[in-house]
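**Student:** Sequence and predicted structure below; questions after.
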Amino acid sequence: MADSSSRAGERYASPEILDYVNRVHAGHDGALAQAFAVPEGIPAIQVGPSEGRLLYLLMRLANARKVVEVGTLVGYSAIHMARALPPQGHLWSVEFEPKHAEVARKNIATAGLADRITVHLGAGRDVLPGLDKHGPFDAVFIDADKENYDHYGAWALAHLRPGGLVIGDNAYLFGELTGDGPRPRAMRAFHELVAKTCDSVCIPTPDGLVVGIKNP
Ligand SMILES: C[S@@+](CC[C@H](N)C(=O)[O-])C[C@H]1O[C@@H](n2cnc3c(N)ncnc32)[C@H](O)[C@@H]1O
C-alpha cells in the first residue's frame, strides 16, 4: 500500500510486532545474547537486534573485508559485522571508555572473533589516524560521540574504497537534528557530506541510520 506518511513505521510497528520480527529475523545465539546484555554500570545504548542484523547484511552485500567502527560499547554491533567477514577479514573498533573496551574484548572472545576484531582504546579522533595504514576500507560504521560525526564522516570518506559503505547511527540525534548547537551542526554536516559524496539514504530506524555508498 502506498503511504506518503513518514510516520508509517510509527503507526504500524507495535512493541509486539517489533518483538516478533526481531525474533524471526534477528534472533540471538549465546554470544549475541551475552553482548546485548550490557552489564550494570554501562549504558544499554547498543543498536537494536534488527539494526545489528542489518549491519551484518550490509557487510555481506558489500563483500566487506576491512571494516572500521567508532564506538564499540561492549561489542554487540562489532560481533554482528565481523560475522559477515571472510576469515582473512578484519574489523578495527574504537572505544573511549576502558570498562566498555574490557567487556567488549570478553564478549568478542566468547563469540570466537578475537582474531577478527581489534578493540582500540582511545578517542576516535586520536585513534583513527593510526588506522589509515590498513585502508582503504570496505565499510565504516560511526556510532560514538555525536559532536565529531562530521570529522568521522570526513575520515571515512577519505579512507573508503569507491563503492564502500559509510554508516552512521543516531542520525536523527534523538530528535535534535534540526536544532542549534555543536551536536546538531556536526550531525547535519555529516548528513550533507554523505549526501554529496555518496548515493545515500537515512533509514527511518528509531533514531535514523544513514547509509551511503561512496561514489567513484
Ligand atoms: C552508542 S555506543 C556504541 C554502541 C555499539 N556500536 C553497539 O551498537 O553495540 C557509543 C560508544 O561510543 C563510545 N565513545 C564516546 N565517545 C567516544 C570517542 N570520542 N571515541 C570513541 N568512542 C567513544 C562510548 O563510550 C560508547 O561506548
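**Tutor:** Structure received. Numbers count the residues shown, from 1 in each chain.

**Student:** mind listing the strands for the protein?
**Tutor:** 66-70, 90-95, 117-121, 137-142, 160-169, 198-203, 209-214 (DSSP state E).

**Student:** Run through who's touching the last one.
**Tutor:** By Cβ atoms under 8 Å, 6 or more residues apart in numbering, the surrounding residues in contact with strand 209-214 are 51, 54, 58, 157, 160-169, 171, 190-191, 194-195, 197-203. Yep, even glycine has a C-beta here, placed from its N, CA and C like the rest.

**Student:** redo that, cut-off 7 Å
**Tutor:** Under the contact criterion Cβ atoms under 7 Å, 6 or more residues apart in numbering, strand 209-214 has outside partners 51, 58, 157, 160, 162-169, 171, 191, 194, 197-203.

**Student:** Type out the ChimeraX command that picks the buried ones from those residues.
**Tutor:** The following ChimeraX line selects those of these that are buried, judged by 16 or more other Cβ atoms under 10 Å:
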select :51,58,157,160,164,165,166,167,168,169,171,191,194,197,198,200,202
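
**Student:** how about stretch 106-124, does it get close to the ligand?
**Tutor:** Yes - under the criterion of Cβ under 6 Å from any ligand atom, stretch 106-124 makes contact with the ligand via 123-124.

**Student:** same thing with stretch 175-182?
**Tutor:** No - applying Cβ under 6 Å from any ligand atom, one finds stretch 175-182 out of contact with the ligand, separated by at least 13.6 Å.

**Student:** Find the centremost residue of this structure, please.
**Tutor:** Centroid-nearest residue in the chain: residue 141, 4.0 Å away (criterion: Cα atoms, centre = their mean).

**Student:** I'd say that residue and residue 167 touch.
**Tutor:** Yes - using Cβ atoms under 7 Å, residue 141 is in contact with residue 167, at 4.7 Å.

**Student:** Write out the residues of this protein neighbouring the ligand.
**Tutor:** Checking the chain against the ligand by Cβ under 6 Å from any ligand atom, the hits are 45-47, 70-71, 73, 76-77, 94-97, 100, 123-124, 143-145.

**Student:** Go again with 8 Å.
**Tutor:** 35, 42-43, 45-47, 51-52, 69-78, 93-97, 100, 122-125, 127, 141, 143-145, 148, 169-170 (Cβ under 8 Å from any ligand atom).

**Student:** Selection in PyMOL covering whichever of those are buried, please.
**Tutor:** Selecting the buried subset of the residues of the chain next to the ligand in PyMOL, with 16+ other Cβ under 10 Å as the burial test, is done by:
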select buried, resi 35+46+47+51+52+69+70+71+72+73+74+75+76+77+78+93+94+95+96+100+124+127+141+143+144+145+148+169+170
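
**Student:** Contact partners for residue 136?
**Tutor:** By Cβ under 7 Å, 6+ apart, the neighbours of residue 136 are 159-161, 164.
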